[in-house]
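A.B. asks: sequence-free structure coming up:
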């Protein structure tokens, strides 16, 4: 959202329509359109009596103590609101996690955010956060859908045990799932569209919520229909056979980052996700530090939790 000036009014209209239909939450980030998405949201929610629950995120390169606070204040200004309901660290970067959490505590104390959490964290990251978060990490937003079930292996069970909801993005795997023959077949049996089936499956998973991306009124209405889809045990079993999940005895075939689209971090110490421009050298020329994805891959191999 916010990446095309030509789409701006259409995106704003889709958000208004979603709120009119009863959608309770909007997910955004300072990264999306370099802040334009937050400006669009600000224009939509201005003057509404039923302001939705708003989630936003801080860039990793802004996630110092002072930088997180400043980034949050910029987001508040763009949206014209006094509080972000849930504020997330978008992904791990080079800043110490404890420093980012210091900023989260301060922002929460000052009433500028309601709760805080993380995004794209694997189990090792979550365990580190658990040591400093005072039990207050409210969510972890990761890629999770029928075709991307890596969190089933260890992350999701760990989060369920601690009652931390997993917020699933890209529930349609960026549309890749919609052309699958098994998805088409089961959606016909269920009396729904392929996208509604994929959303219904995610919503059927305990401890999981989802944030489907929509930029048109038609898609917004279609997505809402997923709430009415009834998946039978037979349908769920058929989906499990077609898209088997990872378990403690059947680890994912690829290691970190299991949430990433194919091609990101597919080799250790090759590329990492830069601040805004995409892949960048894994080893920083200024600090000599390897990126978070590469460090995590090595750690997972060392612990025997990676078959890559």
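C.D. replies: Looks like it came in fine. Fair warning: this is a prediction, and the values are worked out from it, not measured in the lab.

A.B. asks: in the helix or strand hosting residue 114, which of the residues would be classed as buried?
C.D. replies: Residue 114 is part of strand 113-119 when elements are defined by DSSP states H and E. Residues of strand 113-119 classed as buried by neighbour count (16 or more other Cβ atoms under 10 Å): 113, 115-119. Just so you know, the C-beta spots here come from the backbone N, C-alpha and C atoms, and that holds for glycine as well.

A.B. asks: go ahead and confirm residue 112 touches residue 81.
C.D. replies: No: counting by Cβ atoms under 8 Å, residue 112 does not reach residue 81; the two are 9.7 Å apart.

A.B. asks: hang on, the earlier thing: reformat the buried residues of strand 113-119 as CSV; add pLDDT and distance to residue 69.
C.D. replies: Output for those, formatted as CSV (pLDDT from 0 to 100; distance: Cβ to Cβ, whole Å):
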residue, pLDDT, distance to residue 69
113, 98, 10
115, 98, 16
116, 98, 12
117, 98, 17
118, 98, 17
119, 98, 18
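
A.B. asks: out of those residues, flag the one nearest to residue 44.
C.D. replies: Closest approach to residue 44 among the buried residues of strand 113-119 (Cβ to Cβ): residue 113, at 20.1 Å.

A.B. asks: low pLDDT regions in the stretch 51-200 of the chain?
C.D. replies: Counting by pLDDT under 70, the stretch 51-200 of the chain has no low-confidence residues at all.

A.B. asks: which residues in it form strands?
C.D. replies: 53-58, 84-89, 113-119, 137-143, 166-169 (DSSP state E, counting those that start in this stretch).

A.B. asks: could you measure from residue 150 over to residue 168?
C.D. replies: According to Cβ to Cβ, to the nearest Å, residue 150 stands 12 Å off from residue 168.

A.B. asks: now for the two: what residues contact both?
C.D. replies: Residues touching both residue 150 and residue 168 by Cβ atoms under 8 Å, 6 or more residues apart in numbering: residue 144.

A.B. asks: all helices for the stretch 151-300 of the chain, in order.
C.D. replies: Taking DSSP state H, counting those that start in this stretch as the criterion, the stretch 151-300 of the chain carries its helices at 155-161, 181-190, 194-203, 217-224, 233-242, 292-302.

A.B. asks: mean neighbour count, these: which tops it?
C.D. replies: helix 194-203 (a mean of 23; mean count of other Cβ atoms under 10 Å).

A.B. asks: I would like the residues contacting that one, please.
C.D. replies: 144-146, 168, 171-173, 177-178, 180, 183-184, 186-187, 190, 192, 208-210, 212, 219, 222-223, 225-227, 229, 231, 236, 239.

A.B. asks: now do the contacts for the most centrally placed residue in the chain.
C.D. replies: The centre of the chain sits closest to residue 141, judged by Cα atoms, centre = their mean, with a distance of 3.3 Å. Going by Cβ under 8 Å, 6+ apart, residue 141 touches 27, 55, 57, 88, 117-120, 166-169, 211.

A.B. asks: counting neighbours, what do you get for the residue nearest to residue 168 when sequence neighbours are not counted?
C.D. replies: Closest residue in space to residue 168, ignoring its immediate chain neighbours: residue 144 at 3.9 Å, by Cβ to Cβ, 6 or more residues apart in numbering. Neighbour count for residue 144, taken as other Cβ atoms under 10 Å: 27.

A.B. asks: need the contact list for residue 144.
C.D. replies: Residues near residue 144 by Cβ under 8 Å, 6+ apart: 150-151, 156, 166, 168-169, 171, 202, 208, 259.

A.B. asks: residue 231 too?
C.D. replies: Contacts of residue 231 (Cβ under 8 Å, 6+ apart): 190, 197, 200-201, 204, 239.
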